[in-house]
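Give me the fold of what follows.
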Amino acid sequence: MDGGLDRRGWLPCFLSGAVFAVCMAGTTLPTPLYSLYQDKLGFSELTVTVVYAVYAFGVIGVLLLAGNASDAVGRRPVLLWGLVCAAASAACFLCATALGWLYAGRLLSGLSAGLFTGAATAYVMELAPGKGSPRASFVATAANMGGLGCGPLLAGILAQYAPWPLYLPFVVHLALLAVSAAVLLGLRETVAERRPLSTVRPQRPGLPPEVRAAFRPAALASFVGFALFGVFTSVSPAFLSEFLDVDNRAVSGLIVALAFFASIAGQSAVGRIGERRSLPLGCAGLLGGLALLAAALWWQVLPLVVLSALLGGAGQGLAFRAALSQVAAASPPDRRAAVISTLFVVAYAGISLPVIGVGILTGHIGLRDAGLVFIACMAVLVACAGVYLLRRPSGTGTLAARRADGRRSR
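Now for the predicted structure:
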């Protein structure tokens, strides 16, 4: 009986997590399809990376301008608007007869992710019994990264084994979005005192002096982790096809999905490893993933690409969850939201700017050499973060995290 009551108590949390996952799946749905759009519309690899990166600018814009909107108007209205943006994005891809449709679709996808990132994370945790528990936090994390991983996997399978590869994935996603809207309307609102939308003000990123020591390595690791995901989800299908003769879009989608699923595993391990150790271990995982990706590019070996996705994804999960926890712990309560917003801005800059750089270099030196230059640059950044963490005095920046680790060890 108690088990049944417990499951019913957690049902709203799981349902909201499923809605979160459906929305995030739409942001990576086009990943295995870019080569088909290239054939249809005739654009370059640089254009692929720019189309991909437009998404990040949409996320950053929403985080800065309306990241706190759900605190004022309520979670459900913001999430419903996020679903509307996701549906509009799918419609743009269905109508994609010119490049402008792809840009519009990616921008709308970024707006949907920006609306969901903060509001859905808070909503999932608020609907859980006891709120804010580690289990609820993991549901939100798994929904976010799991949705990102399911997008390319779903699109790859449908594009490879079903008809209408440029249409059916988005039709299926529209159907899932409709079901998600019905589910969301059946869940309760968790913001008790709602205010008009006019009270929402842009969030200004902030970095108080006492946070800077903890923020530097956290920002570097977050930047590199998201940059690695950016490369996997934008140009890895082209590399797999051009150099490894992997033309099966389901396989391409699976390899990209593995990086996101590995991130979930990495994030779930933070509780057992401890925040202090997770960030340097995550940096080591990222460095190992980059090294494996470089070896895969150099020797053109498919298993190395798979290992790179697994190790790099796990490193990203370890590093980012620990970075977020340590930065939040080091922040003054009245500036915490602004500091976290700053970290997300850095992370989403990582998912866009380096990817565009790879696209520019590809036109001059080729995809493989451009990838090696990217890997070298990212390896330097994550190595700097690792060295800083090793040399940082134990009393700097993460007192709350160390206390948490001490309580855990006892």
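
and Leu389, what is it in contact with?
Leu389 is in contact with 217, 279-280, 283, counting by Cβ atoms under 8 Å, 6 or more residues apart in numbering. Backbone N, C-alpha and C define where each C-beta goes, glycine included.

cutoff 10 Å now
When contacts are counted by Cβ atoms under 10 Å, 6 or more residues apart in numbering, Leu389 touches 216-218, 220-221, 276-277, 279-283.

before we move on, what about Ser268?
Residues near Ser268 by Cβ under 10 Å, 6+ apart: 134, 137-138, 141-142, 317-318, 321.

which among the contacts of Leu389 end up buried?
216-218, 220-221, 276, 279-283 (16 or more other Cβ atoms under 10 Å).

and those as JSON lines, adding secondary structure and pLDDT?
Formatted as JSON lines, the buried ones among the contacts of Leu389 follow (DSSP: H, G, I helix; E, B strand; the rest coil; pLDDT from 0 to 100):
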{"residue": "Arg216", "secondary structure": "helix", "pLDDT": "89"}
{"residue": "Pro217", "secondary structure": "helix", "pLDDT": "90"}
{"residue": "Ala218", "secondary structure": "helix", "pLDDT": "90"}
{"residue": "Leu220", "secondary structure": "helix", "pLDDT": "91"}
{"residue": "Ala221", "secondary structure": "helix", "pLDDT": "91"}
{"residue": "Arg276", "secondary structure": "helix", "pLDDT": "83"}
{"residue": "Leu279", "secondary structure": "helix", "pLDDT": "91"}
{"residue": "Pro280", "secondary structure": "helix", "pLDDT": "92"}
{"residue": "Leu281", "secondary structure": "helix", "pLDDT": "94"}
{"residue": "Gly282", "secondary structure": "helix", "pLDDT": "95"}
{"residue": "Cys283", "secondary structure": "helix", "pLDDT": "94"}
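
between those, which is nearest Val172?
Gly282 (33.9 Å; Cβ to Cβ).

The residue nearest to the spatial centre of the chain: what's it in contact with?
Central residue of the chain (Cα atoms, centre = their mean): Met145, 6.1 Å from the mean position. Residues near Met145 by Cβ under 10 Å, 6+ apart: 21, 24, 229, 259-267, 313, 316-317, 320.

List the residues that contact Val358.
45-46, 48-49, 227, 230-231, 234-235, 367, 370-371, 373-375, 377.

Filter the contacts of Ser268 down to the ones in helices?
Among the contacts of Ser268, DSSP state H puts 134, 137-138, 141-142, 317-318, 321 in helices.

which among the contacts of Val358 end up buried?
45-46, 48-49, 227, 230-231, 234-235, 367, 370-371, 374-375.

What is the nearest of these to Leu154?
Among the buried ones among the contacts of Val358, and counting by Cβ to Cβ, the member closest to Leu154 is Ser234, at 17.7 Å.

Would you check that that closest one makes contact with Ser35?
No: using Cβ atoms under 10 Å as the test, Ser234 is too far from Ser35 to be in contact (11.5 Å).

what is in contact with these two at once?
45, 48.

quick one, what contacts Arg76?
Per Cβ under 10 Å, 6+ apart, neighbours of Arg76: 16, 70, 119, 123, 184-185, 187-191.

Quick one: these as a markdown table, columns for neighbour count too.
Listed next are these as a markdown table, based on neighbours: other Cβ atoms under 10 Å:
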| residue | neighbour count |
| --- | --- |
| Ser16 | 29 |
| Ser70 | 27 |
| Ala119 | 27 |
| Tyr123 | 29 |
| Leu184 | 19 |
| Leu185 | 9 |
| Leu187 | 18 |
| Arg188 | 9 |
| Glu189 | 12 |
| Thr190 | 18 |
| Val191 | 19 |
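
Give the closest residue to Leu115 in space, chain neighbours not counted.
Residue nearest to Leu115 in three dimensions, not counting chain neighbours: Gly82, with 3.6 Å by Cβ to Cβ, 6 or more residues apart in numbering.
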